[in-house]
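**Student:** Structural data only, the sequence is not supplied:
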């Protein structure tokens, strides 16, 4: 029964989609496989090992014997006190009812008040630096600034190397001479402590780099799960749903960005790469004149493409390598807008005509990249929560600011980790409910009773309350790892209840003891095994709860704290309330059974 229940809680998560489903499924497969193999060993090899190893118990001598004797004396007193308390609980069932009502109320309160999150930020061993100079800045100016940033970064304790990628904004995908992305490779985790963690280095560099006023510089922690964007925090898609101009979208984005930077829960390092002030060259082609001179428009476009942007020609092999051939004008012949007028195109008669005779060159400004999200023109805003603020609180704050500040005709969508967090939050209740239903169905089939499983299910809120309480005490948020821990606790807390109910049911139905005597006897017989298995589990997950640095430390700590604290509370309270819940539920079931028999008679 215990193995089936531990596996059953993860059956619903096998059908979840998205990133949340993948996280649940990986944990579910690992745990279920371990439980099944453990059950096979317990049913087959363990009895044989007991026959080989166990011997009649003899009185032990020496220091170890003294320790065992002292432990047994203390445990006997604890067991006696436990039996007396359980005796009171099974006689005064209203006490247990009030306690469980209080547990449910506290659990509901903790679930509502705990800040929510998706996946906690991790120390991935590297940081990103996004540098954006004013529009139209030259590569030489960009290179000079990058050298200053590299010098500052290399002086920061914990930074090992700096890799620079000029001309690219990796966050928004923009390319241009005013963009740079840097990768700061940190020292290995064993060589760093809390003062040189990724978060500490990020904060220190942000403070130092803010002195460089000639560019917008943002230090970014990468996302905890590769593939969900290039940066941690959130991505806010500001959408123009009324078909307004890009200039109005730019103005709205900048105004909302200023609101974000002043919000108390959000980091002031909010950022967008969308701008309509990028210097551009507008080439106005006189189509009538080109037609009259026998110049095809495609010929003009092809000339511009080859000379200014370049065109791939072919491949050739030499020196044992394959080389790609690109055709493009030398840089000195494409530096200024006037160089466009010096280009020449061929007419239908084979004569060369300068572009200055067919086109007019105008200087203007506009966006270098227009993004559409769900068909709407949009501007991507990047932001993050302040230290000590959960991602769920940051997303709620963004939604509140959007409702108050966005003008009519504008909306927003979440993408990346923010979208996945919203999806996981909406599924949390469904997963918990489905897990409880599967546990109930397995227990009902095991005991061939619709009533007995309720005595086990009614005790499960103690584990959930313990997990949420531990999460709150350690100042963590209710993230996916905590939710996985809660699902696991449903099976583990049910395991303790099954140990008591199984024996109590046998004493009541097979041996004819009264309901209270059976519950008391079951609790007494299974008290030691429950404590042994529960504290062995808690000690096993303690390294996870104490994880402080290294790969995946934040996720390990969230999961470890949730399951350790939940298991402790479920054990400390469950051993007292489960016998009383069994008496309560079985008593109601017997009463209805007698009524049915009387009606049938």
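**Tutor:** Structure's in. What do you need? Everything numeric in this text was worked out from a predicted model, so none of it was measured. Numbering: from 1, shown residues only.

**Student:** Show me this structure divided up by domain.
**Tutor:** Following automatic domain parsing, the chain resolves into domains at 92-119+425-594, 126-275+370-420, 278-366.

**Student:** among the ones you listed, which is the most enclosed?
**Tutor:** Per residue and on average, the most neighbours among the domains of the chain fall to domain 92-119+425-594, with a mean of 20 (mean count of other C-beta atoms under 10 Å). All C-beta atoms are positioned from the backbone trio N, CA, C, and that covers glycine.

**Student:** What average pLDDT does it get?
**Tutor:** The predicted model assigns domain 92-119+425-594 a mean pLDDT of 86.

**Student:** Please produce a markdown table containing the domains of the chain, extended by distance to residue 63.
**Tutor:** Below are those laid out as a markdown table (distance: least, C-beta to C-beta, whole Å):
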| stretch | distance to residue 63 |
| --- | --- |
| domain 92-119+425-594 | 22 |
| domain 126-275+370-420 | 38 |
| domain 278-366 | 74 |
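
**Student:** right, and those - which one's nearest residue 85?
**Tutor:** domain 92-119+425-594 (6.2 Å; C-beta to C-beta).

**Student:** Measure how far the closest one is from the centre of its chain, please.
**Tutor:** 25 Å (C-alpha atoms, centre = their mean, to the nearest Å).

**Student:** For the remainder of this discussion, apply numbering that starts at 39.
**Tutor:** All right, first residue 39 from here; so that's domain 130-157+463-632.

**Student:** Which strand or helix spans residue 599?
**Tutor:** helix 591-638 (DSSP states H and E).

**Student:** what packs against that helix?
**Tutor:** Using 3 or more C-beta pairs under 8 Å, 6 or more residues apart in numbering; DSSP states H and E, the elements in contact with helix 591-638 are helix 100-129, helix 131-151, helix 490-495, helix 499-511, helix 518-547, helix 553-583.

**Student:** Need the residues that contact stretch 120-131.
**Tutor:** Applying C-beta atoms under 8 Å, 6 or more residues apart in numbering, the contact partners of stretch 120-131 are 133-134, 554, 557-558, 561-562, 565, 613-615, 617-618, 621-622.

**Student:** repeat that for 7 Å
**Tutor:** By C-beta atoms under 7 Å, 6 or more residues apart in numbering, the residues outside stretch 120-131 that reach it are 133-134, 554, 557-558, 561-562, 565, 613-614, 617-618, 621-622.

**Student:** Residue 42: which of the domains of the chain is closest?
**Tutor:** domain 130-157+463-632 (5.0 Å).

**Student:** in the stretch 339-488 of the chain, which spans are helices?
**Tutor:** 376-379, 429-443, 455-485 (DSSP state H, counting those that start in this stretch).

**Student:** Adding distance to residue 348, write these out as a markdown table.
**Tutor:** Converted to a markdown table, the helices of the stretch 339-488 of the chain look like this (distance: least, C-beta to C-beta, whole Å):
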| stretch | distance to residue 348 |
| --- | --- |
| helix 376-379 | 15 |
| helix 429-443 | 41 |
| helix 455-485 | 36 |
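
**Student:** what's the closest of those helices to residue 118?
**Tutor:** Each of the helices of the stretch 339-488 of the chain has some distance to residue 118 by C-beta to C-beta; the shortest is helix 455-485, at 30.1 Å.

**Student:** Which neighbouring elements make contact with that closest one?
**Tutor:** helix 40-46, helix 56-91, strand 272-278, helix 429-443, helix 490-495, helix 518-547 (3 or more C-beta pairs under 7 Å, 6 or more residues apart in numbering; DSSP states H and E).

**Student:** what do you get if the cut-off is 10 Å, keeping everything else the same?
**Tutor:** helix 40-46, helix 56-91, helix 131-151, strand 272-278, helix 429-443, strand 448-453, helix 490-495, helix 518-547 (3 or more C-beta pairs under 10 Å, 6 or more residues apart in numbering; DSSP states H and E).

**Student:** Tell me which residues of the longest one come out buried.
**Tutor:** This points to helix 56-91. Residues of helix 56-91 classed as buried by neighbour count (16 or more other C-beta atoms under 10 Å): 57-59, 61-63, 65-66, 69-70, 73.

**Student:** now, among those residues, which is nearest to residue 285?
**Tutor:** residue 57 (36.3 Å).

**Student:** residues contacting the nearest residue to that closest one once chain neighbours are set aside?
**Tutor:** Distance criterion C-beta to C-beta, 6 or more residues apart in numbering; nearest residue to residue 57, sequence neighbours excluded, is residue 458 at 4.8 Å. By C-beta atoms under 10 Å, 6 or more residues apart in numbering, the contact set of residue 458 is 56-58, 61, 156-157, 263, 266, 452, 518.

**Student:** does residue 225 really touch residue 234, like I thought?
**Tutor:** Yes. In this structure, residue 225 is within contact of residue 234 by C-beta atoms under 10 Å, at 7.1 Å.

**Student:** okay, now residue 106: neighbour count?
**Tutor:** 13 (other C-beta atoms under 10 Å).

**Student:** typed the wrong thing, it's residue 120
**Tutor:** 17.

**Student:** Could I get the pLDDT score of it?
**Tutor:** Per-residue confidence (pLDDT) for residue 120: 87.

**Student:** cool, and residue 347?
**Tutor:** Reported pLDDT for residue 347: 84.

**Student:** Residue 443 now?
**Tutor:** At residue 443, pLDDT is 92.

**Student:** Ok, residue 48 next?
**Tutor:** For residue 48, the model assigns a pLDDT of 76.

**Student:** and it, how many neighbours does it have?
**Tutor:** The local packing of residue 48 (other C-beta under 10 Å) involves 25 other residues.

**Student:** Overlap of the contact sets of residue 225 and residue 234?
**Tutor:** With C-beta under 10 Å, 6+ apart, residue 225 and residue 234 have common neighbours 195-197.

**Student:** quick one: which of these sit in strands?
**Tutor:** residue 197 (DSSP state E).
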